[in-house]
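Asker: sequence unknown, structure follows:
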């Protein structure tokens, strides 16, 4: 019995040792298999990649490394200011003005309520590209147009902000140059040749969309657009790309696969407010044409004729007896403009300027805007079936056409005696349009159309929209009579205005304090 138990114990011991050694060996072998598997896996790629693809990937990486250091984030701050009356301890009588006017009582000036300044900061972001080691940065005009403070952040890993200074701006091309200053030199991007781009070429956009700095997106050149309207602004010769461009990309570079800047990202077609596969950039060659002038003079000086024109179509060609539908029709010649001085007339059809044939508006505008003011140019026009050659000395283009029109209209009014200024107020004869605008039912006189804040006219108690019928009992039925009446006014002796305000007649009196 004892021997049987002993044999059983010995057999159990042998089996235990065998099992232990077997498991250990199996684990070791399994470990070797795992190691071998790892070695085999690491020696093979997950996907077989052609060498050309790897080279292309390397090209994009090289572009990012070369261009990103020259791309900056621009923060443009606009400060809105407004004076808000503070009415504490200021209780006026709401019927005072009415009774003063009704009884003709002289008005005593109440102390004005204290005013407190209201300030609000509006901050917008955009992008830019350093084009010179001295810190000159090319961006869009609309990025810095209303900025009172400009902060520029570089992508050098330090996130250091520099104060930006506007060096030059050109609303017409929507381009601007700002500058940052430091002891060290800045990394500058290389400018390419946008005339050499082809549809289908790689296009890489770098900027700060939605404030996300140093974002790189890739696409191709989709098209070249000769004319484009975006948010009421006309752009010429734009590069179209499907590289993702969003708000905040404005002013950043569009570069080619060589890392050369070929455009300045400017606009997007976005019905939903975000990128929809269509972005636009200003060709860098357009920027290069004006860079020196922007840096040296702060603005671009262009030639100007001072005319309004339209394309010649089939109807115009037929009615004006033209041989074909080429040329531009002069719709209007601004008074005092270069065109008027050169003998151009409304109804002329411009067919040639210098040595270039004018087939459309674009041909004429390109020659004129690229010619400096003061230069004389030969312009051929068709007038009453005859060809006439004019010599026109180009004028200087104003910053905006609207500015030119306003100046012309004001000049015409002054020359025709239709506007007068006195003590900070502007008056014009009463017309049906002014009567409707200021709700003047009837009467004869001159209307105050503008009053300067803090002027003597405002101090007298006059307001915009008042119809002045007489001054010191002298009729002011037109600007000529108004001018004659004010010449005889001695403020130290007092002045009485007979006016109509909001349909009620009233006398306004004033005497210079002694």
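Answerer: Cool, got the structure. Being a predicted model, the structure only gives us computed values, none of them experimental.
Asker: Could you use CA atoms for every contact and neighbour count after this?
Answerer: Noted.
Asker: domain parsing for this structure?
Answerer: 70-179, 190-297, 303-396, 417-510 (automatic domain parsing).
Asker: Quick one: closest of these to residue 47.
Answerer: Proximity to residue 47, assessed across these by Cα to Cα, is greatest for domain 190-297 (23.0 Å).
Asker: Determine how far the last residue of that closest one lies from the first.
Answerer: 23 Å (Cα to Cα, to the nearest Å).
Asker: Give the rounded mean pLDDT of that domain.
Answerer: Throughout domain 190-297, pLDDT has a mean value of 87.
Asker: Any idea how far that domain is from the middle of the chain?
Answerer: Distance of domain 190-297 from the chain centroid (Cα atoms, centre = their mean, to the nearest Å) equals 15 Å.
Asker: how about the helices in the chain?
Answerer: 2-42, 51-67, 96-103, 141-144, 284-297, 314-319, 338-341, 361-369, 401-415, 432-438, 456-460, 479-487 (DSSP state H).
Asker: Quick one: distance of stretch 422-430 to the chain centre.
Answerer: With Cα atoms, centre = their mean, you get 34 Å for stretch 422-430.
Asker: what about that stretch, average pLDDT?
Answerer: The predicted confidence, averaged over stretch 422-430, sits at 89.
Asker: Could you do stretch 393-401 as well?
Answerer: Mean predicted confidence for stretch 393-401 is 79.
Asker: Where does pLDDT dip in this protein?
Answerer: Applying pLDDT under 70 to the chain flags residues 1-45, 81-118, 157, 230-233, 269-276, 399-419.
Asker: Would you tell me which strand is longest in it?
Answerer: For the chain, the strand that runs over the most residues, judged by DSSP state E, is strand 114-132.
Asker: Could you list every helix and strand that that strand packs against?
Answerer: strand 71-86, strand 136-140, helix 141-144, strand 202-207 (3 or more Cα pairs under 8 Å, 6 or more residues apart in numbering; DSSP states H and E).
Asker: Out of these, flag the one nearest residue 153.
Answerer: Taking the helices and strands packed on strand 114-132 one by one with Cα to Cα, strand 71-86 is closest: 5.1 Å.
Asker: Pick out the residue nearest the middle of the protein.
Answerer: residue 142 (2.6 Å; Cα atoms, centre = their mean).
Asker: out of everything not next to it in sequence, what's closest to it?
Answerer: residue 174 (6.4 Å; Cα to Cα, 6 or more residues apart in numbering).
Asker: residues in contact with the residue nearest to the centre of the chain?
Answerer: 171, 174, 175 (Cα atoms under 8 Å, 6 or more residues apart in numbering).
Asker: if we look at stretch 313-326, which residues are touching it?
Answerer: Here stretch 313-326 has contacts from 311, 312, 351, 358, 359, 360, 384, 385, using Cα under 8 Å, 6+ apart.
Asker: at 10 Å what do you get?
Answerer: 311-312, 327-329, 347-351, 357-361, 382-385 (Cα atoms under 10 Å, 6 or more residues apart in numbering).
Asker: among the contacts of residue 142, which ones are buried?
Answerer: 174, 175 (16 or more other Cα atoms under 10 Å).
Asker: so which of the contacts of residue 142 comes closest to residue 510?
Answerer: Out of the contacts of residue 142, the member with the shortest distance to residue 510 (by Cα to Cα) is residue 171, at 46.0 Å.
Asker: What count of nearby residues applies to the residue lying closest to that closest one once chain neighbours are set aside?
Answerer: Excluding the flanking residues, the one nearest residue 171 by Cα to Cα, 6+ apart is residue 141, at 6.1 Å. Residue crowding around residue 141 was assessed by other Cα atoms under 10 Å; the count is 23.
Asker: just residue 305 next, same as before
Answerer: Using other Cα under 10 Å: residue 305 sits among 24 other residues.
Asker: Please apply the same query to the one 4 residues further on.
Answerer: Neighbouring residues of residue 309 were enumerated by other Cα under 10 Å; the total is 20.
Asker: Quick check, it in contact with residue 334.
Answerer: No - the criterion here is Cα atoms under 10 Å, and residue 309 misses it with residue 334 at 11.4 Å.
Asker: anything in contact with each of the two?
Answerer: residue 346.
Asker: these two touch, right, the residue nearest to residue 142 and residue 238?
Answerer: No - using Cα under 10 Å, residue 174 is not in contact with residue 238, being 11.9 Å away.
Asker: Common neighbours of these two, please.
Answerer: Common neighbours of residue 174 and residue 238 (Cα under 10 Å, 6+ apart) are 264, 266, 282.
Asker: Do I have it right that the last one meets residue 228?
Answerer: No - no contact is recorded between residue 282 and residue 228 when judged using Cα under 10 Å, the distance being 11.1 Å.
Asker: so what's in contact with these two at the same time?
Answerer: With Cα under 10 Å, 6+ apart, residue 282 and residue 228 have common neighbours 235, 236, 237, 238.
Asker: Only the buried subset of the residues you listed, as a PyMOL command please.
Answerer: A single PyMOL command selects the buried members of these (16+ other Cα under 10 Å):
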select buried, resi 235+236+238
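Asker: Tabulate the shared contacts of residue 282 and residue 228 in a markdown table, adding columns for distance to residue 471.
Answerer: Listed next are those as a markdown table, based on distance: Cα to Cα, whole Å:
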| residue | distance to residue 471 |
| --- | --- |
| 235 | 52 |
| 236 | 55 |
| 237 | 58 |
| 238 | 59 |
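Asker: Of the shared contacts of residue 282 and residue 228, just say which sits nearest to residue 398.
Answerer: residue 235 (17.8 Å).
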